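**Student:** What would the 3D arrangement of this be:
(one chain, ligands or ions: 1)
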Amino acid sequence: MTRQIIISNRTPGTSTAAGGLAVALRKVLTERDGFWFGWTGEFAEDPSDEAQFRDVGGITVGGIDLSRDEHHAYYEGFSNSVLWPAFHHRLDLTDMRPEFYEGYRAVNKRLAAALAPHIQPDDLIWVHDYHLIPLAEALRKHGINNRIGFFLHIPFPEIETLNAIPHHEDLMRAFNAFDVVGLQAERDVATYNDYALNARLGDLAPSAGNGRHAPTVMAFPIGTAPSGFAALLETEQAQRTRELVARAMADRNLIIGVDRLDYSKGLPQRFEAYEQLLAAHRDLHREVHFLQIAPPSRDTIPEYQEISERLDLVAGRVMGRFAEPDWTPLNYVKRAYPQAALAGLYNLAGVALVTPLRDGMNLVAHEYVACQDEADPGVLVLSRFAGAAEIFEDALLVNPHDTQETADALYTALRMPLAERQSRWRHLKAVIEDYAVDHWAQRFLTALANDTSTSS
Ligand code: ADQ
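**Tutor:** The predicted model follows:
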């Protein structure tokens, strides 16, 4: 029987969130034999190259420890101080040190060396995200000829931006060792193909050589688990959260934003758009409340501390400008919430502001749609630069850099008649069901299993 191997930077722990990607991938592993592989999440001074395997909630999880230096160069360094900012159009925020790329390559090599002895000839291998672009190439050097797929969760960068990444040709050549490269959106596939054509990537034989064809490159837009979120709404935690916040809101219309605190999410611009809305529409004072939930992430990287400070300033300014003794226009909460609590908040909110400057997909947009009531659904205001914009035609699409446009869309959303809200939401609901995360995993694995581009 074909086994499934899933590889990602972090392997799942015992406490996995109730919905989304980790759950969908776990499900893949409970339906087939196989295991999940990656960094254990542990540091060691002199880490062993021997993979350790254990049972985590019924699935087999394997991995190796990393030294702090390895992790710094590979994770904080090349992955999150070069690839993440560059792939999100923020070359200004990159930190391009030579040792980062070396460390990134070295960790991929170590992961491949530890994994290779555990691979059987029929195993299907699915590699996730930008931390592991060179992994297939490293595995091929160990004689692994299995079908290997890759899914990039973040956007694929424009060519000029890609050309500014050190070692970009070496990095891009590594894609050739995969059989299938999955991207979030058609726009990503178009730029990938442009780059491949320009750099004549197809002609650059991957290091493993031996006549492999260029990978099949396709869009596989990811989604959420709509029925999982609908079920969460029934939980006590969702209902309690909803009630508590509804009481605090009185009859005000709640606008919600939920994001990891990351510079790609466009949070300062979002706050400024809200500020412009309040400045232009006095009729909305005391009538609306904006709740932004944004727990810090990757806070060992200086750019993440800076965005956090910048946001404090903008939030303070909006409060200072508009707050009244009996009305706070804005609430900014810097912590993570359980998914059930988020479900309750999504359900209560009349508008979701999902305005990243650039995003692979953005699952919050899917989650918000999943949690609306048909009788009185809210409105999604969505950035054109999220992968989600390609599939959510019935959202109000905005350019998040243009804060006036976002403010206008927000006003339209707040004043939208019920019939229009219902009709837009029905279309969006059909879309999230079509792109549900289980379908996404099935589509990807079918493409990987059926792929015929490999000649051996
Ligand atoms: P992220 O950049 O993390 O993911 P996103 O798709 O929005 O972005 O997913 C975030 C997840 O974290 C959602 O499930 C959301 O509910 C949760 N989350 C966010 N803020 C939270 C909070 N305060 N408390 C609790 N949970 C919170 C990357 C890419 C995306 C892509 C996904 C999946 O950057 O573009 O959609 O992977 O491929």
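
**Student:** check contacts around the residue of the stretch 51-200 of the chain found nearest the ligand.
**Tutor:** Nearest to the ligand, among the residues of the stretch 51-200 of the chain, is His153, at 3.6 Å (Cβ to the nearest ligand atom). To be clear about C-beta, it is placed using only N, CA and C from the backbone, and glycine gets the same treatment. Residues near His153 by Cβ atoms under 8 Å, 6 or more residues apart in numbering: 128-130, 184, 222, 360-361.

**Student:** Any buried residues in the one helix or strand Val61 maps to, and which?
**Tutor:** Per DSSP states H and E: Val61 is located in strand 59-66. Across strand 59-66, burial judged by 16 or more other Cβ atoms under 10 Å covers 59, 61-66.

**Student:** quick one: average confidence on the following helix or strand past it?
**Tutor:** Next in sequence after strand 59-66, counting helices and strands by DSSP H and E, comes helix 68-71. Taken as a whole, helix 68-71 carries a mean pLDDT of 97.

**Student:** Might you list the low-confidence residue ranges for the stretch 1-150 of the chain?
**Tutor:** Across the stretch 1-150 of the chain, the ranges flagged by pLDDT under 70 are 14-20.

**Student:** does Thr216 really touch Leu183, like I thought?
**Tutor:** No. Thr216 is beyond contact range of Leu183, at 11.3 Å (criterion: Cβ atoms under 8 Å).

**Student:** Mind checking which of the two has more residues around it?
**Tutor:** Taking other Cβ atoms under 10 Å, Thr216 and Leu183 do not tie; Leu183 has more neighbours (25 against 18).

**Student:** Within range of the ligand, give me the residues from this protein.
**Tutor:** Neighbours of the ligand within the chain, by Cβ under 6 Å from any ligand atom: 20-21, 153-154, 222, 258-260, 293, 295, 336-337, 342, 359-364, 367.

**Student:** now these: which count as buried?
**Tutor:** 20-21, 153-154, 222, 258-259, 293, 336-337, 342, 359-364, 367.

**Student:** Spit out the contact partners of the nearest residue to Ala116 once chain neighbours are set aside.
**Tutor:** Leaving out its chain neighbours, the residue that sits closest to Ala116 by Cβ to Cβ, 6 or more residues apart in numbering is His142, at 3.8 Å. Contact partners of His142, counting by Cβ under 8 Å, 6+ apart, are 112-113, 116.

**Student:** For Leu414, the count of nearby residues, please.
**Tutor:** By the other Cβ under 10 Å criterion, the neighbourhood of Leu414 contains 19 residues.

**Student:** And the pLDDT at it?
**Tutor:** Model confidence at Leu414 (pLDDT) stands at 98.

**Student:** so who does it touch?
**Tutor:** By Cβ under 8 Å, 6+ apart, the contact set of Leu414 is 253, 255, 284, 288, 350-351, 379.

**Student:** same question, Thr235
**Tutor:** So Thr235 contacts 340, 343 (Cβ under 8 Å, 6+ apart).

**Student:** if I look at it, how far off is Asn9?
**Tutor:** 30 Å (Cβ to Cβ, to the nearest Å).

**Student:** Then Phe392?
**Tutor:** Phe392 sits 28 Å away from Asn9, going by Cβ to Cβ.

**Student:** can you check Asp251 too?
**Tutor:** 45 Å.

**Student:** Pick out whichever of the two has more residues nearby.
**Tutor:** The neighbour comparison of Asp251 against Asn9 (other Cβ under 10 Å) goes to Asn9, with 17 against 7.

**Student:** so that one touches His71, yeah?
**Tutor:** No. Using Cβ under 8 Å, Asn9 is not in contact with His71; the gap is 10.0 Å.

**Student:** Can you check which residues contact both of the two?
**Tutor:** Residues touching both Asn9 and His71 by Cβ under 8 Å, 6+ apart: Trp39.

**Student:** Just the residues of the chain next to the ligand: which are in helices?
**Tutor:** 21, 342, 363-364, 367 (DSSP state H).

**Student:** can you list contacts of the helix or strand harbouring Ala86?
**Tutor:** Element membership for Ala86, per DSSP H and E: helix 84-87. Residues external to helix 84-87 that are found in contact with it (Cβ under 8 Å, 6+ apart): 91-94, 130, 154-157, 161-162, 164-165, 263-264, 303.

**Student:** what's the single longest helix in the protein?
**Tutor:** If you go by DSSP H, the chain has its longest helix at helix 302-322.

**Student:** what's it in contact with?
**Tutor:** Applying Cβ under 8 Å, 6+ apart, the external contacts of helix 302-322 come out as 81, 85, 93, 261-263, 267-268, 271-272, 274-275, 278-279, 285, 292, 294, 296-299, 328-330, 332, 334.

**Student:** What about these, which are in strands?
**Tutor:** Using DSSP state E, 292, 330, 332 are the members of the contacts of helix 302-322 that sit in strands.

**Student:** The first one: what's it in contact with?
**Tutor:** The neighbourhood of Gln292, defined by Cβ under 8 Å, 6+ apart, consists of 256-259, 267, 270-271, 315, 330-333.
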